Each structure stands twice: as C-alpha cells, then as structure tokens.
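Trainee: need a structure here:
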Amino acid sequence: MSGTDSAAQERAADAAVGAAAMKKAIWRLGPFLGLLYLVAYIDRNNAGFAKLEMTAALNITEAAFGFAAGIFFIGYLLFEVPSNLLLEKFGARKWIARIMISWGIVAALTAFVQDETQFAIARFILGIAEAGFFPGVLLYLTLWFPRQYRTQVLAVFVLSNPIANAVAAPLSGWMLELHGLWGLDGWQLVFLLQGVPAVLLAFVVFFWLPDRPQDARWLNPAEQRWITDTLAAETQATEQRHGRLRLGEVFRNGRLWTLIVLFFGVVFGAYGLGMWLPTIVKSMGDFSNATTGWLVALPNLCAALVMLPWERAARKQGNIPLQIGITLSITALSLIAAVAAQGTPILALAALCVGMSALFSTTPLFWSLPPMVLTGTAAAAGLAFINSVGNLAGFAGPYAIGWISQTTGSAVWGLLLISGLTLLGATIAFVLSRRADFTTAPAPAPQSAPAAR
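Mentor: Presented below is the predicted three-dimensional model:
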C-alpha cells in the first residue's frame, strides 16, 4: 500500500471519528443546555405577563415597570465578567449549578414583592444571580465544538428563546387565571411556579454535566482526542493570525466594541418585544389574559419553526455578517409593517411573526463571530463583556418602551424605536461583511459531521 493511500485512509478514519464525536456532543449537550436556557428565559421575561395584573395590584406606573424590568441588566452588567472568569476556574458543572439555584430562588421570591421599589430590587438581584449563565454556556461550547459546528449547536441552544416565549405565554396566561390558589394572586403564581424548575434542574447539572470532553463517559478515547486536538489547532491558528490578547487588552479591542454595538441592536429588539409583546397584543383588541397568551405564542412559534432552517441556509451561503445584516433588515421592515397595520390585528400579528422569526434567527449567527478573534481567558472575558455591555439594551429597551407607552398611551410606537436600532445593527453587519476578520476562517475546517436536525 502506498503512502498516499495510507494517508487517505487515516484522514477518512479521522473524519469518521470526528463525525461520531460531533453527533454525540450535539445531541447530548445542545437540547439539555437549551432546556436550561428555556427556564432562564422564562424567569427573565415572565414579568411581561405578570404585569397584566401586578401593575394595578401594586400601583406601579408604566415607566416604573419598564425601569424595574430593565434594571435586571444592570446587575447582569456588573457581575457577568467576574462570573465567567470564575466558571473558567471552577468548571461549568459546579458554576452553572450555582447560578441556577441562585436565580431560581430569587425568581420565585419575586412573587412576594409589595411595591415598585421591592420589584426593582428583586429584578436587580435576579440579574446578579443569573449573571454569567449565557456567556458561560457560550464559553463552554467553545471547549466542545470546532468553529464549523458552533452555529449548529448554538442554533439548537438558542432555539429555546422562542420556544420559551411560546410555552410561557399560554402557561402564564393560564396561571393568571388561577387567582386565589394558595391564597395568592395570579401574578404571584406566575413568579412562584416558574422559579422552581431552575432550582430542580441545578441538581441535574451538578451530577450530570461534564466539564470537558475528557470527562464525558459517552465519548470514547479517540473521540475525546479528536475534539481536543481539533480545538487546539483552531486556537493556535487564531492566535497566529490575530495574536493572543491579554485579559486587559480585551476591553479596549476595537473589534470587540464593534460587536457590542451590533449586539445592542439585537438585544434591544429581543427584550423590548419580549417584555412588552403581551401588552402590545392585548392593546390590539379586547382579549382575555388567556387569549392574549395564545396570540403572543404565535410569533414565537413561527420563530421556533424557522430558526434551524434559517441558520442552516445562512451557514451554506457563508459570510455570516452579511446574513446577519439581512435578518436584521427583515426585522426592522416587519416591525414598521406591524405599526402600519395596527388597526388590523391579523396583519399586525403576521408582521410580528416575520419580524420575531428574523430577530431570533440572528442570535446563533452573531455568537459564531467572537470566537473568530478571541481565545482562552480572553474568550471567557470577551464573551461575557460583549453579552453584559450589549445587554444594557435589555435595560434600555423595556424602559424606553415603558416611557413611550406612558407618553403616547400606546406601546405599539415602541416598535418604531426597535426598528431603528435593528437597522443600525444591520448597517454594522453589512460593514463587517467586507472584513476578512469575520468572513475568513483562520484554519481549514474538518470534514462536516451530520447536521443537527
């Protein structure tokens, strides 16, 4: 047998090992981490449904509610980077379990706040408790998946965003109708019952989640080696191309700040819509809380159905920043259409379905960009920094829409503000689409494994 034939057989065998390793990792980790994020997203956004009763019960104004809903992200900002650095030190299994117990307890206790000040404090503490979860999972995924597969598993992971909203909307509407159960109001039951799953799942994380491929008993030694060696080669190629950033250099890196501004527009739309969509939909007609829940679920169900096909099509097209620019442009135009059709609820809801589908499909595409320029501890800090500063939009979005609602008498006009910021994000993405930093891989990708379907 010639040396050429032998080398070809070795490459084929190596590709087979990689395909098997990726298939196992995608299906073992993606859906489970997605479930955790689903619970986090419900606990973060359920205030939007609780608002339908709690503002009257506690005498909270629209602007005060928007402030309290958004102050979550101030706590998030302050503790996100330290939390991610601690995750790198202690490991994902222990640290993610700690985060989930903390946020589950705080989320459930929010049921017992008695005024707008206590609600604001509870939301601030919830942000501190949850800080580090999302960027921690992003960092965790960089320890398991080479660049070629990362958008696939990210799409599976963040698919829980629209699913969370779709599940939580009718569930929260139903819980509001349970007024009087255990002597509690409906809005209290929303917070209490939806906070408990995070605490229970924390124990599953602690006893089941492997920190690194070497700890996964469901991978054989050859598969563990393939993941470790492939990621090491990618890291070396990235550092040779961009240099190895020191921790202090991360926070003044121009590429990172460009991504932060882009992410700001995405988050502003996601949390502005997530927190105020029940109010916007309810204002379109004289709907009950339960009906409002089902109507709010529709745009999120549409997003859940198209996210994976959208991600797969974008990945095949290549030039991820260009695809992000397209999705954000579709989002902006759809929200403008929703405002124009506000007198016709069916058309407005259809426009919201398109807009939210495009907006949520942006997320896995965006988070595939930072690892193209960050490695090691710089990646731990950088991912958390992008998420925490960009998530200031999670404070600005609900608060701005609350102020607009109180000033104009309708939250619908907040959609125009969201549209403007997503257009800004689209413009930045189109500029990045011409930059080799974010459009050219630093090293040849290994042979593709089966897609997550």
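Trainee: got phi/psi on residue 123?
Mentor: Phi and psi for residue 123, reported as degrees, to the nearest 10, are phi -70, psi -40.
Trainee: which one is it nearest to, not counting chain neighbours?
Mentor: Among residues not flanking residue 123 along the chain, residue 72 sits closest, at 4.6 Å (C-beta to C-beta, 6 or more residues apart in numbering). In this view, the C-beta of every residue, glycine as well, is placed from N, C-alpha and C.
Trainee: got the contact list for the one you found?
Mentor: Residue 72 makes contact with 44, 123-124, 126-127, 394-395 under the criterion C-beta atoms under 8 Å, 6 or more residues apart in numbering.
Trainee: and if we set it to 7 Å?
Mentor: Contacts for residue 72 (C-beta atoms under 7 Å, 6 or more residues apart in numbering) come out as 44, 123-124, 126-127, 394.
Trainee: show me what secondary structure element comes after the one helix or strand residue 170 maps to.
Mentor: Assigned by DSSP states H and E, residue 170 belongs to helix 160-176. Downstream of helix 160-176, the next assigned helix or strand under DSSP H and E is helix 186-208.
Trainee: and the angle from that following helix to helix 160-176?
Mentor: Interaxial angle, helix 186-208 versus helix 160-176 (axes from the mean of the first three to the mean of the last three C-alpha atoms, to 10 degrees): 140 degrees.
Trainee: can you show me the CA trace of the very next helix or strand once past helix 186-208 as PDB?
Mentor: Sequence order places helix 221-242 as the next helix or strand after helix 186-208, per DSSP H and E. Extracted in PDB, the C-alpha atoms of helix 221-242 (Å, rounded to 0.1, in the frame of the first residue of the first chain):
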ATOM      1  CA  PRO A 221     -10.900   8.000  23.900                       C
ATOM      2  CA  ALA A 222     -10.400   8.500  20.100                       C
ATOM      3  CA  GLU A 223     -13.400  10.900  20.000                       C
ATOM      4  CA  GLN A 224     -12.100  12.800  23.100                       C
ATOM      5  CA  ARG A 225      -8.700  13.200  21.400                       C
ATOM      6  CA  TRP A 226     -10.300  14.400  18.100                       C
ATOM      7  CA  ILE A 227     -12.200  17.200  19.800                       C
ATOM      8  CA  THR A 228      -9.200  18.200  21.900                       C
ATOM      9  CA  ASP A 229      -6.700  18.200  19.000                       C
ATOM     10  CA  THR A 230      -9.100  19.900  16.600                       C
ATOM     11  CA  LEU A 231      -9.800  22.800  19.000                       C
ATOM     12  CA  ALA A 232      -6.100  23.100  19.900                       C
ATOM     13  CA  ALA A 233      -5.300  23.500  16.200                       C
ATOM     14  CA  GLU A 234      -8.000  26.100  15.800                       C
ATOM     15  CA  THR A 235      -6.800  28.100  18.800                       C
ATOM     16  CA  GLN A 236      -3.200  28.100  17.600                       C
ATOM     17  CA  ALA A 237      -4.300  29.300  14.100                       C
ATOM     18  CA  THR A 238      -6.500  32.100  15.600                       C
ATOM     19  CA  GLU A 239      -3.600  33.300  17.800                       C
ATOM     20  CA  GLN A 240      -1.200  33.200  15.000                       C
ATOM     21  CA  ARG A 241      -3.500  35.300  12.900                       C
ATOM     22  CA  HIS A 242      -4.800  37.900  15.500                       C
END
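Trainee: packing partners of helix 221-242?
Mentor: With contacts taken as 3 or more C-beta pairs under 7 Å, 6 or more residues apart in numbering; DSSP states H and E, helix 221-242 sits against helix 3-45.
Trainee: how far does the helix it packs on sit from the chain's center?
Mentor: How far helix 3-45 lies from its chain's middle: 20 Å, per C-alpha atoms, centre = their mean, to the nearest Å.
Trainee: and what of stretch 115-126?
Mentor: Relative to its parent chain, stretch 115-126 has a centroid offset of 23 Å by C-alpha atoms, centre = their mean.
Trainee: tell me the buried residues in that stretch?
Mentor: For stretch 115-126, the neighbour count (16 or more other C-beta atoms under 10 Å) marks 116, 119-120, 122-126 as buried.
Trainee: okay, now the residue nearest to residue 179 when sequence neighbours are not counted: neighbour count?
Mentor: Nearest residue to residue 179, sequence neighbours excluded (C-beta to C-beta, 6+ apart): residue 186, at 4.2 Å. The number of residues packed near residue 186 is 23, by other C-beta atoms under 10 Å.
Trainee: distance check, residue 186 against residue 172.
Mentor: In this view, residue 186 and residue 172 are 9 Å apart by C-beta to C-beta, to the nearest Å.
Trainee: try residue 335
Mentor: Per C-beta to C-beta, residue 335 is found 23 Å from residue 172.
Trainee: in stretch 344-356, what's buried?
Mentor: In stretch 344-356, counting by 16+ other C-beta under 10 Å, buried: 348-356.
Trainee: for residue 28, which residues are in contact?
Mentor: Counting by C-beta under 7 Å, 6+ apart, residue 28 touches residue 218.
Trainee: okay, which residue is most central for this protein?
Mentor: residue 158 (5.4 Å; C-alpha atoms, centre = their mean).
Trainee: surely that one meets residue 362?
Mentor: No - with contact defined as C-beta atoms under 7 Å, residue 158 does not count as touching residue 362 (9.6 Å).
Trainee: can you check what angle separates the helix or strand hosting residue 280 from helix 221-242?
Mentor: Following DSSP H and E, one finds residue 280 within helix 254-283. Interaxial angle, helix 254-283 versus helix 221-242 (the same axes, to 10 degrees): 110 degrees.
Trainee: can you give me the angle helix 254-283 makes with helix 3-45?
Mentor: Using the same axes, to 10 degrees: helix 254-283 against helix 3-45 is 50 degrees.
Trainee: continuing past helix 254-283, what's the next helix or strand?
Mentor: Counting by DSSP H and E, the next helix or strand C-terminal to helix 254-283 is helix 289-317.
Trainee: mind giving me the packing neighbours of that next one?
Mentor: Contacts defined by 3+ C-beta pairs under 7 Å, 6+ apart place helix 289-317 against helix 147-158, helix 160-176, helix 254-283, helix 320-340, helix 345-366.
Trainee: in that helix, what counts as buried?
Mentor: 289, 292-304, 306-308, 310-312, 314-315.
Trainee: tell me the mean pLDDT for stretch 174-194?
Mentor: Here stretch 174-194 scores 85 as its mean pLDDT.
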